[in-house]
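Asker: All I have is the shape, not the residue letters:
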């Protein structure tokens, strides 16, 4: 297990350029493989009762709908050292984005996501312009030796929702960042267990228990 205070140098310059330009970027080998292995170990150590069916909607409208998404999730609360490390890394990224792009980001929240065989998430937006406080989506993948035949690709579409602009294998250490209200996306059915950390930079305080997951 990696100690949360271990120091790994991470270069954010490509993320800054991607968000300032096309609004989306894919970054293989974003963090050290040892960190990825520790995060993977952390989520796999959770009991079934600690992962919940993912919800759709927010506040009183929050509900589960297996026709839209079928993954299971658990919010990272920083109660384990490796979670503290990852949250600290994202805090560094938040401060860098604010300094370089003047985004006014206030908080970051994220959860583990487990897609078991056959699980999927239909096309959706993470935020609606003018109606959400989510500004930037991040996804970090934790899957060793992922092959095309394993499915589970993240397909990201142009703003019109019809033209795919990225098809991303959920390979260990790959980070995806994009503007939350610009890019519809979907997760294709997985043919083996698929692990990731999905997160959002927000311009308000977190209200994680009632948010769309």
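Answerer: Perfect, thanks for sending it. In this text, all values refer to a predicted model and were calculated from it rather than measured experimentally.

Asker: ok, which stretches of this structure are strands?
Answerer: 24-27, 52-53, 72-75, 107-115, 121-124, 134-141, 154-157, 164-168, 175-179, 185-187, 194-202 (DSSP state E).

Asker: what about the ones you listed, which gets the closest to residue 148?
Answerer: strand 164-168 (9.6 Å; Cβ to Cβ). Heads up, the C-betas are built off the backbone N, CA and C, glycines and all.

Asker: now the strands of the chain as a markdown table including distance to residue 44 and mean neighbour count?
Answerer: Shown next, in a markdown table, are the strands of the chain (distance: least, Cβ to Cβ, whole Å; neighbours: other Cβ atoms under 10 Å):
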| stretch | distance to residue 44 | mean neighbour count |
| --- | --- | --- |
| strand 24-27 | 24 | 18 |
| strand 52-53 | 16 | 14 |
| strand 72-75 | 12 | 18 |
| strand 107-115 | 9 | 22 |
| strand 121-124 | 20 | 15 |
| strand 134-141 | 14 | 23 |
| strand 154-157 | 21 | 18 |
| strand 164-168 | 22 | 15 |
| strand 175-179 | 20 | 22 |
| strand 185-187 | 19 | 22 |
| strand 194-202 | 8 | 24 |
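
Asker: Of those, which is nearest residue 33?
Answerer: Short answer: strand 134-141, nearest of the strands of the chain by Cβ to Cβ, at 12.1 Å.

Asker: Quick one: work out the angle between the closest one and strand 175-179.
Answerer: 160 degrees (axes from the mean of the first three to the mean of the last three Cα atoms, to 10 degrees).

Asker: what residues does strand 134-141 touch?
Answerer: Taking contacts as Cβ atoms under 8 Å, 6 or more residues apart in numbering, the residues outside strand 134-141 that touch it are 19, 30-31, 36, 39, 86, 90, 97, 103, 105, 110, 126-127, 154, 170-181, 183, 195-203.

Asker: at 6 Å what do you get?
Answerer: Outside strand 134-141, the residues within contact range by Cβ atoms under 6 Å, 6 or more residues apart in numbering are 126-127, 170-171, 174-178, 180, 196-203.

Asker: what's the answer for stretch 70-81, then?
Answerer: 4, 42, 50-51, 53-54, 83-84, 87, 110-115, 119, 208, 213.

Asker: start to end distance for it?
Answerer: One end of stretch 70-81 to the other measures 29 Å (Cα to Cα, to the nearest Å).

Asker: Noted, bye for now.
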